[in-house]
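Trainee: Return atomic coordinates for the entry below.
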Amino acid sequence: MKRVVITGMGVVSPVGNSLSEFRSSIKAGKHGFSLLDESIVRKDFEVRIAAQVKGFTGEKYFDKKELKRIDRFTQFAVTSSLDAIADSGSDFRDIDPFRAGVIFGVGIGGLKLTLDEHSKYLEKGPNRISVFYVPMMIGNMAAGTISMKTGFKGDNYCTTTACASSTHAVGEAFRKIKDGYLDVCIAGGSESCVNEFALGGFNNMKALSRSDDTDRCSIPFDAERNGFVLGEGSGALILEELEHAKARGAEIYAEIAGYGATCDAYHMTSPSPEGVAAGYAIMHAYKEAGLNPEDIDYINSHGTSTGLNDKYETIAIKNALGDECARKVVINSTKSMTGHLLGAAGAVETIVTALSCREDFVHRTIGFKIPDPDCDLDYCVDKNRNIIVNAALTNNLGFGGHNAALCLKKYTG
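Mentor: Just a heads-up that it's a prediction; the model follows:
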């Protein structure tokens, strides 16, 4: 069995379009929430806030002709991936291209493009649908386009498990390297569907916050939480076999040491109230890493700011660690700043977890004011924490009952 380390990371997000900007925003407790304008939602629409990527043009890695043929979620994916390659300090041309892979999670794909082309179809008929519609819209095109830009010819596919999509992508990439099938893999997730149609769908199922206060909209574990804030963005990580990373003198952010995946088999949208399956995913992750509950210093939670998730995830953490250890571990939610990035959430939150392991820093869960007796653990709501993070978990739970967890360790050689 091989050891797997993170040697490069890239981010496109509501709080920064580079790793350094993202890191600075997270440390400063800066959120990316803003009021939606009338180009996205009508005046009387109930949802007023989203977490949009700002200042992104796609021109860093695409020419103008390419941009017309590449959907925004794929532009995000390629940008974060090539930034991660640059951050890693290698183009990996020394590796057999069939031992270099891309596994990228996407929850929805080109939804706005589908709406635009459907309008064209209704107005002008099927012969006017763009020849590029299908290859632009499909979720797997993120992974495919990344491979075209990098020349990586190994395992290449898209994981689609709703909000757990990119956690599964990172976990599957970890396994491919650990089991000896790949030497390096770009793993992550991307999403871009902040539009009235998606907002309407999520809102009608009572999943979104209807707050008009950008400082009190995404408030995980708070008693007044009333739904998540829809976001967009992408996160990419370079996962590399340890000995190869050491041989080239790579800087290592953290080691990925465990991965757990389960299903609630319970409900289309609600997590299981018992938190059993989610708890097993967490347990599988830290046990594969050779750890015990008392070894876990920090958990980056799914923490969506919905009534059910935050309550049931708290139960799952207690199931996984036991009540005593659960009360000692420091927990936070990055979604308090980024909103919910759907298929990109897990990758972006794994990046935060890796930084925490490397820098012994846990960011505050911002916006929290009112405790909820159902959420009674340490959610790091008072201030940032400088604590030793030798081992950490990051959890994501998706519609359909999909649960995924990763266990990261501080790299010490």
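
Trainee: for the stretch 51-200 of the chain, what spans make up the strands?
Mentor: Along the stretch 51-200 of the chain, the stretches classed as strands by DSSP state E, counting those that start in this stretch are 100-106, 156-159, 184-191.

Trainee: Just the CA atoms of stretch 173-187, as CSV, please.
Mentor: C-alpha atoms of stretch 173-187 as CSV (Å, rounded to 0.1, in the frame of the first residue of the first chain):
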residue,chain,number,x,y,z
ALA,A,173,-8.3,9.3,-6.2
PHE,A,174,-6.7,8.5,-2.8
ARG,A,175,-7.6,4.9,-3.3
LYS,A,176,-6.3,4.7,-6.8
ILE,A,177,-2.9,5.9,-5.6
LYS,A,178,-2.9,3.9,-2.4
ASP,A,179,-3.6,0.7,-4.3
GLY,A,180,-0.9,1.3,-6.9
TYR,A,181,-3.0,2.2,-10.0
LEU,A,182,-1.9,5.8,-10.2
ASP,A,183,1.1,7.9,-9.2
VAL,A,184,-0.6,11.2,-9.3
CYS,A,185,-4.2,12.4,-9.7
ILE,A,186,-6.0,15.7,-9.9
ALA,A,187,-9.0,15.4,-7.7
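
Trainee: Could you pull out the buried residues of it?
Mentor: Using 16 or more other CB atoms under 10 Å as the test for burial, stretch 173-187 gives 173, 174, 175, 176, 177, 178, 182, 183, 184, 185, 186, 187. The way it works is simple: take the backbone N, C-alpha and C, and place the C-beta from them, glycine included.

Trainee: closest to residue 18 among those?
Mentor: Of all these, residue 18 sits closest to residue 186, with 17.1 Å by CB to CB.

Trainee: ok so, going back, single out the most deeply packed of the strands of the stretch 51-200 of the chain.
Mentor: Per residue and on average, the most neighbours among the strands of the stretch 51-200 of the chain fall to strand 184-191, with a mean of 35 (mean count of other CB atoms under 10 Å).

Trainee: Mind listing the strands it pairs with, and their directions?
Mentor: Take DSSP bridges as the rule and strand 184-191 pairs in its sheet with strand 100-106 (parallel), strand 233-241 (antiparallel).

Trainee: now those strands in CSV, with distance to residue 410?
Mentor: As requested, the strands paired with strand 184-191 are exported to CSV (distance: least, CB to CB, whole Å):
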stretch, distance to residue 410
strand 100-106, 24
strand 233-241, 16
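
Trainee: just to revisit the earlier point, for the strands of the stretch 51-200 of the chain, which one sits closest to residue 139?
Mentor: strand 100-106 (3.6 Å).

Trainee: I'd like the mean pLDDT over the closest one, please.
Mentor: The average pLDDT within strand 100-106 is 98.
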